[in-house]
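J.: Quick check, what structure comes out for this input:
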Amino acid sequence: MTIEIELKFITRSDAAGVAEKLAALPHQHHAGQALTNIYFETADNQLRRWDMGLRIRGVGDRYEMTLKTAGQSVGGLHQRPEYNVDLEKPELDIQRLPADVWPAGTDVAALQQQLQALFSTNFTREKWVVTYRESEIEVAWDRGDVRAGELSEPLAEIELELKSGQRDDLLALAAELARLDGLRLGSLSKAARGYALAQGNPPRALRPLPVLKVRPKATVEEGMRAALLLALSQWQYHEELWLRGTNGALVEIKNALETLRQVFSLYGALVPRKANSELRQRLTALEEALLDDSLDPQALCFSPLWLEAQLALTHWIVTERWRDFADARAEAKLQGSFKRFSDIMLGRIGADLKETFAQVNQLNEYQDKLTRLHRQQLAARLLAGAYEPAVVGEWLQNWQLLQTAIVEQQDIWLDGHRRQALKQPPFWKNGNA
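T.: You can find the predicted model right below:
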């Protein structure tokens with residue numbers, strides 16, 4: 001078994017500067033080589049439910065079976081255990097994989113019988129093996145297509161894979177490439193795109209920010225990290241939709257960026273502003289660019305402005321950059337109870353909303369408070385995961401009804417929704433809002 005650490009970019013055809021950049025570094029270049037990959041699955045998507053991917057790759061007259069198991073993905077950085085077995089011919093034989101890769105009780109022989117080819121990828125791979133700082137990094141540029149039955153879509157990706165050395169070196173090389181036009185982080189794997197095609201490539205629905213769930217007895221730091229990951233996931237999920245022309249996707253991207261700001265605000269007493277000042281500056285520049293209603297999604301999503309902000313956030317999360325700025329007192333608080341922290345912060349949110357909407361009469365007064373209302377709802381979603389979903393949902397819905405009435409200028413409903421939201425009892429422990 002190996003732990004694969006790679007970072008993936010999606011490329012446009014005009015990303016030619018990448019090759020020039022790589023050629024300027026110490027490297028070994030390998031000319032384009034045709035690769036065929038066949039991915040296997042059961043009729044009920046059992047491997048997908050186990051978060052596994054199984055393929056046979058053909059390169060010339062050589063074949064290799066690869067199983068990737070559950071790992072971690074942050075932004076475009078993927079870290080997954082990987083098992084590789086050389087084959088003499090392109091025939092699946094999963095009994096040659098280590099027995100302990102499968103969940104307990106798996107009938108491997110029966111599973112073998114259920115597996116069928118689901119989709120394929122066919123592409124030309126050009127490679128550079130780059131020496132960068134103290135590390136050796138393989139840069140592979142894949143150009144071809146993903147195909148399932150009669151459906152297909154283009155494939156154009158650059159993968160940076162750490163062969164030896166430090167993950168930080170891989171991220172640093174990625175940051176250099178991010179200054180070029182024509183790249184964006186790839187959050188969807190080839191397998192994820194293949195599965196979508198195999199299902200008929202249905203349109204993906206908008207995904208409003210959910211209530212964040214963390215493990216029982218999570219620490220404050222774990223809650224903060226989970227909130228950052230959720231915001232990044234929301235951003236990248238709706239980036240894909242925006243590029244495909246889905247109505248409402250841009251609004252959700254803006255919500256994701258605002259969610260990041262709420263994370264920084266909620267944890268501001270523990271993580272000083274200087275710890276994320278550069279990151280916040282990048283996000284601010286991006287938010288300013290998004291104010292232009294005539295934006296071309298292709299131009300912005302493949303720009304250095306977009307990519308550098310997203311990559312900086314990925315780097316900040318993966319390297320836990322906040323730890324460099326936390327003193328002993330802040331560190332102790334970060335290792336404290338997330339549940340207790342959430343109760344305190346939810347109490348402050350509830351008190352702030354009560355104070356904000358205690359005396360409001362005119363529509364313009366409501367509109368002045370709209371941004372504050374929206375931000376507090378996002379913050380509450382990052383804190384309320386320990387409580388009964390139905391109770392949390394009702395509390396949020398009443399404030400959402402007020403927000404909708406303000407946005408749609410439903411004067412007749414404003415006071416009623418305000419009163420209904422204000423009279424709700426707090427759902428959090430020891431709430432006195």
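J.: report the longest strand in the chain, please.
T.: Determined from DSSP state E, the single longest strand within the chain is strand 116-132.
J.: Which neighbouring elements make contact with the next helix or strand after that strand?
T.: For strand 116-132, the succeeding helix or strand toward the C-terminus, using DSSP states H and E, is strand 135-148. Applying 3 or more C-beta pairs under 8 Å, 6 or more residues apart in numbering; DSSP states H and E, we find strand 135-148 packed against helix 17-23, strand 116-132, strand 151-164, helix 167-177, helix 190-198. Bear in mind the C-beta positions are built from the backbone N, C-alpha and C, glycine included.
J.: gap between strand 135-148 and the chain center?
T.: How far strand 135-148 lies from its chain's middle: 20 Å, per C-alpha atoms, centre = their mean, to the nearest Å.
J.: Which positions within that strand qualify as buried?
T.: For strand 135-148, the neighbour count (16 or more other C-beta atoms under 10 Å) marks 135-144, 146-148 as buried.
J.: ditto for stretch 326-341
T.: Residues Ala326, Ala330, Lys333, Leu334, Phe338, Lys339, Phe341 are the ones in stretch 326-341 that count as buried (16+ other C-beta under 10 Å).
J.: which residues touch that stretch?
T.: By C-beta atoms under 8 Å, 6 or more residues apart in numbering, the residues outside stretch 326-341 that reach it are 214, 217-224, 269-271, 323, 386, 429.
J.: If we use 7 Å, what do you get?
T.: Contact partners of stretch 326-341, identified using C-beta atoms under 7 Å, 6 or more residues apart in numbering, comprise Val214, Ala218, Thr219, Val220, Glu221, Glu222, Gly223, Leu270, Val271, Ala386.
J.: State the pair within these that is farthest apart.
T.: The span of the contacts of stretch 326-341, defined through C-beta to C-beta, is set by Val271 and Ala386 at 21.6 Å.
J.: Quick check: mean pLDDT of the helix or strand harbouring Lys354?
T.: Element membership for Lys354 (DSSP H and E) is helix 338-356. Helix 338-356 carries an average pLDDT of 97.
J.: likewise stretch 74-90?
T.: 81.
J.: what's the answer for stretch 298-306, then?
T.: For stretch 298-306, the per-residue pLDDT averages 95.
J.: can you pull the buried residues of that stretch?
T.: Buried, per 16+ other C-beta under 10 Å, within stretch 298-306: Leu300, Cys301, Phe302, Ser303, Trp306.
J.: Just these: which are in helices?
T.: Among the buried residues of stretch 298-306, DSSP state H puts Leu300, Cys301, Trp306 in helices.
J.: related to what we said a few turns ago, got a winner among the contacts of stretch 326-341 for most neighbours?
T.: Highest neighbour count within these, by other C-beta atoms under 10 Å: Gly223, with 26 neighbours.
J.: ok so, going back, comparing the helices and strands packed on strand 135-148 by mean pLDDT, which bottoms out?
T.: Across the helices and strands packed on strand 135-148, helix 190-198 gives the lowest mean pLDDT, at a mean of 88.
J.: Strands of the stretch 1-150 of the chain, residue ranges please.
T.: All strands of the stretch 1-150 of the chain, identified by DSSP state E, counting those that start in this stretch, fall at 2-11, 27-41, 53-59, 62-68, 72-74, 77-87, 116-132, 135-148.
J.: Pairing partners for whichever helix or strand Arg184 is part of, with directions?
T.: Assessed by DSSP H and E, Arg184 sits inside strand 183-185. Taking DSSP bridges as the criterion, strand 183-185 pairs within the sheet with strand 2-11 (antiparallel).
J.: pull the CA atoms of the strand it pairs with into CSV?
T.: The C-alpha trace of strand 2-11 is given here as CSV (Å, rounded to 0.1, in the frame of the first residue of the first chain):
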residue,chain,number,x,y,z
THR,A,2,1.1,3.6,-0.7
ILE,A,3,-0.5,6.9,0.4
GLU,A,4,-1.1,8.9,-2.7
ILE,A,5,-0.8,12.6,-2.2
GLU,A,6,-1.8,14.6,-5.2
LEU,A,7,-3.2,18.0,-6.2
LYS,A,8,-5.4,18.3,-9.2
PHE,A,9,-6.0,21.2,-11.6
ILE,A,10,-8.6,21.4,-14.3
THR,A,11,-7.1,23.2,-17.4
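J.: got the angle for that strand vs helix 167-177?
T.: Angle of strand 2-11 versus helix 167-177, following axes from the mean of the first three to the mean of the last three C-alpha atoms, to 10 degrees, is 10 degrees.
J.: which of the residues in strand 2-11 are buried?
T.: So, applying 16+ other C-beta under 10 Å, buried residues of strand 2-11: Glu4, Ile5, Glu6, Leu7, Lys8, Phe9, Ile10, Thr11.
J.: Closest one of those to Ile406?
T.: Nearest to Ile406 among the buried residues of strand 2-11: Ile10, at 38.0 Å, using C-beta to C-beta.
J.: pretty sure the closest one contacts Ile158?
T.: No: assessed by C-beta atoms under 7 Å, Ile10 is found out of contact with Ile158, at 8.2 Å.
J.: Which parts of this structure belong to which domain?
T.: 2-198, 220-334, 338-422 (automatic domain parsing).
J.: ok now the last one, how far from the chain's centre?
T.: Looking back up the chat, that one is domain 338-422. Averaging C-alpha positions (C-alpha atoms, centre = their mean) puts domain 338-422 27 Å from its chain's average.
J.: Over to the first one?
T.: Domain 2-198 has its average C-alpha position 18 Å from the chain's average C-alpha position, going by C-alpha atoms, centre = their mean.
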